[in-house]
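Got a predicted structure plus its sequence, pasted below:
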Amino acid sequence: EDQVTQSPEALRLQEGESSSLNCSYTVSGLRGLFWYRQDPGKGPEFLFTLYSAGEEKEKERLKATLTKKESFLHITAPKPEDSATYLCAVQVDNDMRFGAGTRLTVKP
Amino acid sequence: GAGVSQSPSNKVTEKGKDVELRCDPISGHTALYWYRQSLGQGLEFLIYFQGNSAPDKSGLPSDRFSAERTGGSVSTLTIQRTQQEDSAVYLCASKRGSDTQYFGPGTRLTVL
């Protein structure tokens, strides 16, 4: 069965304390792995798409990497405004399977 | 508009009533998706429309749920005889071709 698992469920960091979020997946026929950011009361906002193992993408303090079994979202020197829930999703046929998300809190 | 819009933003209804949720996708996006997000849960796929093809309804949880997409643009998700377990945020997303999905702000449904 296709599954997407994110860890940890919640992460609290001090401003400037770098860390990584994990997304592990077991799907057949991966057509893309997506990272989204979701702020309270809003819809998910697209961050990255990764298509093949070894691929990396960066945006400001965020870098996403992909292996054959998992993806990491690395956050370097985070700021309070990076606080949000980060969602991982995999494209399978017509739909996307989402993980439950990691709720990130960055304290000043 | 610049993004996906959804209405209403909040809907409170009584158990047993029918509700309609609306989604206006980004202009030119041929694909439209509906998802449900319960508190603390990931997004649950409900239904997918692509152009004029028959929709993929494989994610609809029961026959009380239905959706239409008129003229390849606006979509309406209808929930009949609402139950308390239907309370959730309903998200709509659209995309063009193999591009990424862009989400609307969601409709928060509360069934009393």
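In hand now; what should we look at? Source: prediction; values computed, not measured.

which residues are contacting whatever helix or strand B:Leu46 lives in?
Using DSSP states H and E, B:Leu46 falls within strand B:43-50. Applying CB atoms under 8 Å, 6 or more residues apart in numbering or on different chains, the set of residues contacting strand B:43-50 from outside is A:44, A:87, A:89, A:94-98, B:30-38, B:55-61, B:65, B:67, B:69, B:75, B:77, B:90-91. Using the backbone N, CA and C atoms, a C-beta is placed for each residue, glycine as well.

Just the buried positions in that strand, please.
B:43-50 (16 or more other CB atoms under 10 Å in any protein chain shown).

mind putting the residues you listed in TSV, distance to A:Lys57 included?
As requested, the buried residues of strand B:43-50 are exported to TSV (distance: CB to CB, whole Å):
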residue	distance to A:Lys57
B:Leu43	21
B:Glu44	27
B:Phe45	24
B:Leu46	29
B:Ile47	30
B:Tyr48	26
B:Phe49	29
B:Gln50	26
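
As CSV, those residues with pLDDT would be great.
Formatted as CSV, these follow (pLDDT from 0 to 100):
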residue, pLDDT
B:Leu43, 91
B:Glu44, 91
B:Phe45, 91
B:Leu46, 94
B:Ile47, 94
B:Tyr48, 92
B:Phe49, 93
B:Gln50, 91
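
and the gap between the nearest residue to B:Arg96 once chain neighbours are set aside and B:Gly106?
Residue nearest to B:Arg96 in three dimensions, not counting chain neighbours: B:His29, with 4.8 Å by CB to CB, 6 or more residues apart in numbering or on different chains. Distance, B:His29 to B:Gly106, by CB to CB, to the nearest Å: 17 Å.

of those two, who's got more company?
Neighbour count, other CB atoms under 10 Å in any protein chain shown: between B:His29 and B:Gly106, B:Gly106 has more, with 25 against 18.

quick one: contacts for the more buried one?
A:41-43, B:6, B:9, B:37, B:89-92.
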